[in-house]
Structures are given as structure tokens and as C-alpha cells.
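Engineer: any chance you could fold what I've pasted below:
(2 chains)
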2 protein chains.
Amino acid sequence: MCELCDRTGGELLWQGERCRVVYVEEPGYPGFCRVVWEAHVKEMTDLSEDDRLHFMEVVFAVESVLREQLAPEKINLASLGNLVPHIHWHVIPRYCDDPHYPQPIWAKAQRAAGDARTHPSTAALASAIAAALD
Amino acid sequence: MCELCDRTGGELLWQGERCRVVYVEEPGYPGFCRVVWEAHVKEMTDLSEDDRLHFMEVVFAVESVLREQLAPEKINLASLGNLVPHIHWHVIPRYCDDPHYPQPIWAKAQRAAGDARTHPSTAALASAIAAALD
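Structural biologist: Have a look, this model is predicted:
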């Protein structure tokens, strides 16, 4: 039983043969995406070099699209997987007024989630990711 | 003024032309390393593709060495840089009894740092990283 084997893990933005990009609807974090490997693999170094480079190419394509469309203060990238050991990358646009800035999003919140920023169009994100990768 | 331009950021384990690997002496986190880009660059997608791939190759070499030498429960990888916008990767071996497990190390601590695990030999880490990369 693995939640990333059983479910997409968010709204599907892009589906490749080896990995997928999903949108994470997290309050205070417009643009938060995850890149999820299709196979149930635990660590980046369990993948072949070719798979690993492909995975990172997709992560960086998502970073580029988020920077172009949302112009965040910073991008945070993380592959943790302590709770769900099925490899996935968090790609998180950060803003100076987001709930945890400048701390990581897993730290104690610094302020309430504002409503100044709305979630971007997932159709526009999906279209730009497809243009970068397909 | 940037602390990663001015200082190594830890004990130097490996020095390449474009990036370096340093050891982070963090209580409760034996084996915690950082890979630091030499130039003051903010985001992965500010680098050329060749630089980006080289950077990740070094990150994954460090992950491999830490897995071989320490056999952690999980590896956590993160590039945040909200406080120090000079690109660097955290490569963090995680254990079921570490202070924050299974939460990210930036979350609220779950328990005190035990003394069951000591810091590994940085000479042994440096030697294995050099063997992988040089």
C-alpha cells in the first residue's frame, strides 16, 4: 500500500512514461508542484543514471515554468520521502509573504496564509510543461 | 556579503572547479553534507544545463557514499536557499531515531538527539567522494 502507487497525488499536469507532474493545492502555496516517479523506488541513487537525469530534467522544467509564470522570490526543491518512500520531488515557489518565509515550509509558520495570491491556472501550467518536455 | 562566498560552510571534503562538498557538524545528524556551487548563483535554472547536470552528479555521488558508509533509513535532498540565496544542496542521512524522524529536519523536533551514532570519519568520506568524482 503506497499512496503514490495508488493515486496521482494531485491534479495531473503532465504524464510521462517514467514520471508525472502533479499540482498540490496547498493553502498559501500557489504553484506548488510535485514530480512523482512512476515506479515505487525509494532513493535517487536506486535509479539508473539515465532515469535520474530524466527525472531531474522534468524537475528543472517545472522550476522554469513556475519562475516564468509566477516570478517567485525563490524556488525550493526537496526530495524527502520519510513518510512516503516512493521517490518524488517538491517544487515550491516561495514568496516573502508566504506562511513560512524565509523558513522551510515544514518549519513553524511565521504568519497566516494571505489571500493576496490565488492559485495559477493549472491549464496554463500544464500547457507550458508540455511545451518544455514533449 | 554572502556567507557561502566568504567561507567554505563546513569542513571541506571535496573541492572541484565548479562546486565543493562540505561536512555539516549538526547534532543528531551524522553524515550531513552540503554541496555548494562556487559561483554566487540563486537558482538551479540560472545555471547552464551542463553545470546543472554536473552539480547533480556531485549531489548523487555524495548520496551514494553516505548510503554505502552509513546505511541510513532514508536520504533527504533539498535546495532551499531562502536565507542564503547562493545555491547549495543539503544531503541528509535520516534514521528512525534521529531528532525529527519521520518529519523533515526543519520541523518541530520529535525527540532529543541521541548519542547512539557518532559522526563518521570525514577522511573516509572525503576519500570515497574523491574516488567517485576524480
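Engineer: can you classify residue A:13 as helix, strand or coil?
Structural biologist: Taking DSSP: H, G, I helix; E, B strand; the rest coil as the rule, one finds residue A:13 in the strand state.
Engineer: now do the buried residues in stretch A:69-86.
Structural biologist: For stretch A:69-86, the neighbour count (16 or more other C-beta atoms under 10 Å in any protein chain shown) marks A:72, A:74-82, A:85-86 as buried. C-beta here means a position set from N, CA and C on the backbone, and glycine is covered the same way.
Engineer: identify the residues contacting residue A:85.
Structural biologist: Neighbouring residues of residue A:85 by C-beta atoms under 8 Å, 6 or more residues apart in numbering or on different chains: A:42, B:74.
Engineer: in stretch A:39-55, what counts as buried?
Structural biologist: So, applying 16+ other C-beta under 10 Å, buried residues of stretch A:39-55: A:41, A:43-45, A:47, A:51-52, A:54-55.
Engineer: distance to chain B, secondary structure and pLDDT added to those residues, as JSON lines?
Structural biologist: As requested, the buried residues of stretch A:39-55 are arranged in JSON lines below (distance: C-beta to the nearest C-beta, whole Å; DSSP: H, G, I helix; E, B strand; the rest coil; pLDDT from 0 to 100):
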{"residue": "A:41", "distance to chain B": "12", "secondary structure": "coil", "pLDDT": "98"}
{"residue": "A:43", "distance to chain B": "6", "secondary structure": "coil", "pLDDT": "98"}
{"residue": "A:44", "distance to chain B": "6", "secondary structure": "helix", "pLDDT": "98"}
{"residue": "A:45", "distance to chain B": "5", "secondary structure": "helix", "pLDDT": "98"}
{"residue": "A:47", "distance to chain B": "9", "secondary structure": "coil", "pLDDT": "98"}
{"residue": "A:51", "distance to chain B": "12", "secondary structure": "helix", "pLDDT": "98"}
{"residue": "A:52", "distance to chain B": "6", "secondary structure": "helix", "pLDDT": "97"}
{"residue": "A:54", "distance to chain B": "11", "secondary structure": "helix", "pLDDT": "97"}
{"residue": "A:55", "distance to chain B": "10", "secondary structure": "helix", "pLDDT": "98"}
